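K.L.:
take this sequence and fold it.
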Amino acid sequence: MGVDQPRLEKIRQSLAADDYRLEVAVHSGRATVSIAAGPSACEDCLVSKDLMRSMLAPALGVPPDLIELAYPAEVEH
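P.N.:
Now for the predicted structure:
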């Protein structure tokens, strides 16, 4: 199962509407995902990491527990 680009793009656009950037790398059945905040992003607007992983999993073709996810505070500090 590969990356569902249209589904991933919908997630990317949804995040971009709130001034977040999504970076994704899929390799060897695992995914590394980072979400960075722009200057007008709402720090409290992201869903929990578990929920975000469950949303990303079908788009990435990777089980949620194999998605390494970094949120803005972890990405920018």
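K.L.:
can I get the helix or strand hosting residue 59 in CSV, CA atoms only?
P.N.:
Element membership of residue 59 [criterion: DSSP states H and E] is helix 49-60. Extracted in CSV, the C-alpha atoms of helix 49-60 (Å, rounded to 0.1, in the frame of the first residue of the first chain):
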residue,chain,number,x,y,z
LYS,A,49,-0.9,13.2,18.2
ASP,A,50,-2.9,9.9,18.4
LEU,A,51,-5.7,11.4,16.4
MET,A,52,-3.4,13.0,13.9
ARG,A,53,-1.6,9.6,13.4
SER,A,54,-5.0,7.9,12.9
MET,A,55,-5.8,10.6,10.2
LEU,A,56,-2.4,10.3,8.5
ALA,A,57,-2.2,6.4,8.5
PRO,A,58,-4.6,5.8,5.6
ALA,A,59,-3.1,8.6,3.6
LEU,A,60,0.5,7.3,4.2
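K.L.:
averaged pLDDT, it. What do you get?
P.N.:
Mean pLDDT, helix 49-60: 97.
K.L.:
what packs against it?
P.N.:
Taking 3 or more Cβ pairs under 8 Å, 6 or more residues apart in numbering; DSSP states H and E as contact, the helices and strands that helix 49-60 lies on are helix 5-17, strand 20-27, strand 30-37, strand 67-70. C-beta coordinates here come from the backbone N, C-alpha and C atoms, glycine included.
K.L.:
and if we set it to 7 Å?
P.N.:
Using 3 or more Cβ pairs under 7 Å, 6 or more residues apart in numbering; DSSP states H and E, the elements in contact with helix 49-60 are helix 5-17, strand 67-70.
K.L.:
buried residues in it?
P.N.:
By neighbour count with 16 or more other Cβ atoms under 10 Å, helix 49-60 contains the buried residues 52, 53, 55, 56, 57, 59, 60.
K.L.:
ranking the helices and strands packed on helix 49-60 by burial, who's on top?
P.N.:
strand 67-70 (a mean of 16; mean count of other Cβ atoms under 10 Å).
K.L.:
now that one - C-alpha only, CSV.
P.N.:
Provided in CSV are the C-alpha atoms of strand 67-70 (Å, rounded to 0.1, in the frame of the first residue of the first chain):
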residue,chain,number,x,y,z
ILE,A,67,4.3,7.0,12.3
GLU,A,68,6.9,9.2,14.1
LEU,A,69,5.2,12.5,14.6
ALA,A,70,6.8,15.8,15.7
